[in-house]
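Engineer: The sequence and its predicted three-dimensional model are supplied below.
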Amino acid sequence: MEFQFPILSVIVFIPIIAGVLMMLMPAERKNEVRIIALAAAVLALLLSIWVYITYDQNVAGYQFEEVYDWVPALGIGYHVGVDGMSIPLVLLTGVVMFTGVLISWGLDDRPREFFAILFLLATGVFGVFVSLDLFLLFFFYEIAVFPMYLLIAIWGWAKTREYAAMKLTLYLFVGSVIALVGILAMYFGSGLETFDMIKLEEANFSEHFQNIWFLPVFLGFAVLGGIWPFHNWSPDGHVAAPTAVSMFHAGVLMKLGAFAALRVGIMLLPQGAERWSGLIMVFAVIAVVYGALIAFMQDDLKYMIGFSSVSHMGLVMLGLSTLNKNGLTGAGVQMFSHGVMTALFFAVAGMIYDRAHTRYISELGGMGKIMPFAMIGFIIGGFVSMGMPGFSGFVAEFPIFMGVWQVSPWIAIIATTSIVITAAYILRNVRDVFFRPLPKKLEGQITDVIVLDKVAIFTVSALMIALGLFPIILVPMVQTGVDNILRLLGGA
Amino acid sequence: MRYTSTMVMSILPEILLLILGIILLVIEPFWKGDKRRNAGKLTAAGLFVIMALSIYFGRPNESTMDEVVFGGMIRFDWLAFFFKMMFVFSAAVTALFMMDHEILGKRGESYIMLLAATLGMNLMAASADLVMLFLAIETASIPLYVLAGFTVADKKSTESGIKYLLFGAMTTAVMLYGFSLLFGFAGTTNLYALADQVVTGQLPLGVALGLFLLIVVGLGFKVAIVPFHFWAPDVYTGSPTPVVGFLSTASKAAGFAVLARLFIIGFEGNLFPLSDLAYSWASILAVLAAITMTLGNLVALKQTNMKRLLAYSSIAHSGYAMIGLVALTELGMTSLVFYLLAYILTNLAAFGTAIAFERVTGSTEIKDYAGLSRRSPGLAIIMLVAFLSLAGMPPFGGFVAKIFVFAAAVQVNMIWLAVIGILNSIIGLYYYLNVLKVIYLYRMEGEDEESHPIPLTRPYALGLVVLSVGILLVGTLIAPWFGFSNEAALNLFKF
């Protein structure tokens, strides 16, 4: 066998190695720590771009696979690989990690610990997206959960951080351990004595088994995807978290839940998915509309974005619940599109808060003149959020609604109302925060964003426009992943 | 009885322990003043050497497994060996932690007691005969009673020593009663002969199980399962902290080693399918396990003292470990052994940090840990590792261990038990994170942490680093440890 560069493992372990390096530096060398962080982030981003470019779409299926024994006695292996579904998410993580480091450049309270813990989280996230072994997936999943506690509790917004951090961690932990019981049941139920997901795909669980275990597995993971009625932790967590952590949390971490729910729930228990898809669809449509309505009612910028995330992640779940080609493709693209968009939103919200020291929309105004670059970024994000054609949101949401229509036109009609509500709160927000005259209280306090912020904003905005104008850069790739899911679902 | 080389090999660690004890007794009086700390160095170094020698020379192999050593008094198998190494290791680390304790550290007796207790535990893990077992248990217990009450000037320590002794004596008496009845029914004290009688029906299973219940009282005290746990919080709070670390790890593991051997023998031949009687009996213990972890965790929620918190948390951990035991399968036993390995490393690290903190500040109150991450970043990181491992988070040992015991429960369809375990780990996560919150988030009064550093002396630094590396190794390189645990568990099933 010819030697293959273990690119996925390198991507997964770059952040944690950088984290260890940082911990070995003396605490006072803050700039060196930041440079290590940036270097690691750039490297991880470049490698994920490389994976994206060299993935062979004609062959499709899982590529860049690496298989090693881990605990052979139990059939646990270190098995990683990516397909059309996971590559966009790996790329997304690379982008968010890169922009997150740029945005947090000015953080002055123990930056060494901050970046080390943030990067531990990044390793967990990359790990989940590339895992093809259930045990490994769960291992990385938990690694992605607990650093959130520390990041929010230590560096978060002093007023609510303790409460929000604990709430978030407990919610996610409850979800994940419930899914764990399902994973163990699958391991013993299959009789194959393996955690390897590719082998388990062929396990042919009995229908009875699938009907019982689909819900715990799917919902357990979907808690992290912010599925209604278990979404409650998410806006609180967003609000309390420092900017880079909010970006990670909404941009990537919530995708982790949806992705794991798809990989483990739908792909391994397809008959269970068919049995319960109606229920999931109802949950999802409630999240979409209800999330948008609550976002509309918010005066706090971060709460608004937090609930809009619930609404948009609801669209992902809605896409998944259709179990047809359009819906699943849309869900795959939406995960990427929303990740980039919401990272941008939180970045801009963070920049505004750092300068104005308030996040209340009613107390803000006039930002457009002072920080035009941030405003343009926010408006582009807004267009994506509303699903305007020409931006990535359209490419993602349109197929989802098509897919839902195929299953149930009524649900599709209800779900589309969210677009109107989204447009309402985004436009109102843009008007109030950027175009209203600057309140007297804030005069003289506000300065323009720095160059690093501009680089971050530019990176994500460019991605959203590129994807909107040229869907071909992502959609066919996602479709190769969807084809495999449809095969497991019995070719619909 | 003819001499064979196996006879020496089977008790090699114990022989070496005895030699180390004698050396210590002879040399120790010559050290005066500050030099008396050397006794600790000698003990720790000696124990590590014993571990190395035993692993190199004294490993069991296929031929020794079935050999009856010392007239069937002890077994020389992987189960015994693996546990022995765990005890010697925790004794070595405990010796390091004792060195800078103001009273324990400078008294040779304390180290000798430690060695004697370790010797007893080693024999507990190896005994295959009721008489031997009883002697081993007493050899392990009496030095621990002494150590618990070692700081005689401290009323709380004396009280905890007496309390420990009284509880211990009481439960041991019940256990001994069980032993004697068992002998009365079967006419033999050899565990394996007893097992044969159960298989052939000479000793009715019902009687055997009933008598085991009496024995469980004695061992339940050792491992602190509900309802035999009452001593634990008080003894843990009052005793010198290094002793508590040893009590809560090695002593507990020794209890489990005996339980595992007794259990499987009790069920031998009836394993699959379990007879209704055996099944309902296992269910009773499963319920005990569920109550143990729930009670431990719920009470731990309210604790404000670090040692009491760890006491209740260690009760809860006994409950998790019991899950592996009551599954009565190969995977169950493997997961039990694996769990104990991870738990010993983790809990020793947790107590180690508490000892290091207490030595400088004199406090065991959780609120006094505020600002620790600024006072001593290193100590804070080790507490982070230990507490996250206790909570069952990857990439630390506690995570894998928990998954394995839950897997064992799911395998035998005790899904309810796995679910209770999981709910409990959520409660656990809550209070472990609360401690970490105090360490990382809160500030000292006056926010003047830099001028109140917590220096770590060398033995603590060494012990804690070894433990943290161990926790990480168990949590990431899972396969070798799983392999050892599996070897140990297999011994229970083929004899």
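Structural biologist: Structure's in. What do you need?

Engineer: got the contact list for residue 385?
Structural biologist: You didn't pick a chain, so chain A it is. With contacts taken as CB atoms under 8 Å, 6 or more residues apart in numbering or on different chains, A:Ser385 has the following neighbours: A:Ser308, A:His312, A:Met341, A:Phe345, A:Gly393, A:Thr422, A:Ile426. Just so you know, the C-beta spots here come from the backbone N, C-alpha and C atoms, and that holds for glycine as well.

Engineer: not quite, I wanted chain B
Structural biologist: B:Ala349, B:Phe396, B:Ser468, B:Ile471, B:Leu472.

Engineer: The second one contacts B:Ile478, correct?
Structural biologist: No: under the criterion of CB atoms under 8 Å, B:Phe396 makes no contact with B:Ile478, lying 11.6 Å away.

Engineer: Give the residue from these two that has the larger number of neighbours.
Structural biologist: In this comparison of B:Phe396 against B:Ile478, neighbours counted by other CB atoms under 10 Å in any protein chain shown, the higher total goes to B:Phe396 at 27 against 24.

Engineer: Just to check, B:Tyr339 is in contact with B:Ala401?
Structural biologist: Yes: at 4.3 Å, B:Tyr339 and B:Ala401 qualify as touching, with contact defined as CB under 8 Å.

Engineer: With neighbour numbers in mind, choose between those two.
Structural biologist: More crowded of B:Tyr339 and B:Ala401, by other CB under 10 Å: B:Ala401, with 32 against 28.

Engineer: The helix or strand encompassing the more buried one - contacts with which helices or strands?
Structural biologist: For B:Ala401, the enclosing helix or strand under DSSP states H and E is helix B:397-411. Other helices and strands packing on helix B:397-411, by 3 or more CB pairs under 8 Å, 6 or more residues apart in numbering or on different chains; DSSP states H and E, are helix A:134-155, helix A:161-190, helix B:306-327, helix B:330-361, helix B:377-391, helix B:415-440, helix B:458-476.

Engineer: for the fourth one, which positions count as buried?
Structural biologist: So the one you mean is helix B:330-361. Within helix B:330-361, the residues that count as buried by 16 or more other CB atoms under 10 Å in any protein chain shown are B:330-360.

Engineer: Compute the inter-axis angle for that helix and helix B:397-411.
Structural biologist: 150 degrees (axes from the mean of the first three to the mean of the last three CA atoms, to 10 degrees).

Engineer: from the buried residues of helix B:330-361, which are also near chain A?
Structural biologist: Among those, no residue is within reach of chain A (CB under 8 Å from any CB of the partner chain).

Engineer: Contacts only, for residue 444.
Structural biologist: You didn't pick a chain, so chain A it is. Applying CB under 8 Å, 6+ apart to A:Gly444 gives no contacts.

Engineer: my bad, chain B
Structural biologist: For B:Met444, the residues meeting the contact criterion (CB under 8 Å, 6+ apart) are B:Ala370, B:Gly371, B:Arg375, B:His452.

Engineer: Can you pick out the ones from those residues that are in strands?
Structural biologist: Where the contacts of B:Met444 are compared with strands, as defined by DSSP state E, there is no overlap at all.

Engineer: could the residues you listed go into CSV alongside neighbour count?
Structural biologist: As requested, the contacts of B:Met444 are exported to CSV (neighbours: other CB atoms under 10 Å in any protein chain shown):
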residue, neighbour count
B:Ala370, 20
B:Gly371, 23
B:Arg375, 23
B:His452, 14
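
Engineer: Of all the helices and strands packed on helix B:397-411, which one is nearest B:Pro60?
Structural biologist: Closest approach to B:Pro60 among the helices and strands packed on helix B:397-411 (CB to CB): helix B:330-361, 14.8 Å.

Engineer: which regions of the stretch 1-150 of chain B sit below the pLDDT cut-off?
Structural biologist: By pLDDT under 70, the weakly predicted segments of the stretch 1-150 of chain B are B:1, B:66-67.

Engineer: Tell me which stretches of it form helices.
Structural biologist: Counting by DSSP state H, counting those that start in this stretch, one finds helices in the stretch 1-150 of chain B at the ranges B:5-10, B:12-27, B:38-57, B:62-65, B:78-99, B:108-126, B:130-148.

Engineer: so which of these comes closest to A:Met254?
Structural biologist: In this view, the helices of the stretch 1-150 of chain B are compared for proximity to A:Met254 by CB to CB, and helix B:78-99 is the closest at 42.0 Å.
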